[in-house]
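1. One predicted model, sequence on top.
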Amino acid sequence: MKQFRFHKISFFLLLALFYLQYQFWFAPNGMLTVRNLKQQVVALQAENDALKQKNMRLWSQVDRLKNNHDATEEKARNELGMIKKGETYYQFVH
């Protein structure tokens, strides 16, 4: 009778162990989900770093355009095709 009771307790403990392991690995907040979220965090941090660098370059360009008249003139000439008053524009076609 004692042995039967021991097997019964062992069976329930083993069953509880399997249930807890399943919950640990496969539940919605389990380790697999945590691992996937960590990977997403790493990817998003890399994307944020790239966007921060791009923002720094853009802020540098804005600062340069605000404080440097020559840079503003260069941008107007190259990107907008503007010319100064009294200048003649020549376009060479290859």
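-> Sure thing, it's come through.
2. any residues touching the helix-or-strand element of the chain with minimal mean pLDDT, and which ones?
-> Lowest by mean pLDDT, DSSP states H and E among the helices and strands of the chain is helix 69-80, with a mean of 83. Contact with helix 69-80 is made by 64-65, 82-83, as judged by CB atoms under 8 Å, 6 or more residues apart in numbering. Every C-beta, even on glycine, is put in place using the N, C-alpha and C of the backbone.
3. Would you reformat those residues as a markdown table and include neighbour count and pLDDT?
-> Compiled in a markdown table, the contacts of helix 69-80 are given as follows (neighbours: other CB atoms under 10 Å; pLDDT from 0 to 100):
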| residue | neighbour count | pLDDT |
| --- | --- | --- |
| Arg64 | 13 | 87 |
| Leu65 | 14 | 84 |
| Met82 | 12 | 83 |
| Ile83 | 11 | 83 |
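4. Look up which helix or strand the most centrally placed residue in the chain falls in, please.
-> Nearest to the geometric centre of the chain sits Leu44, at 2.1 Å (CA atoms, centre = their mean). Element membership for Leu44 (DSSP states H and E) is helix 31-67.
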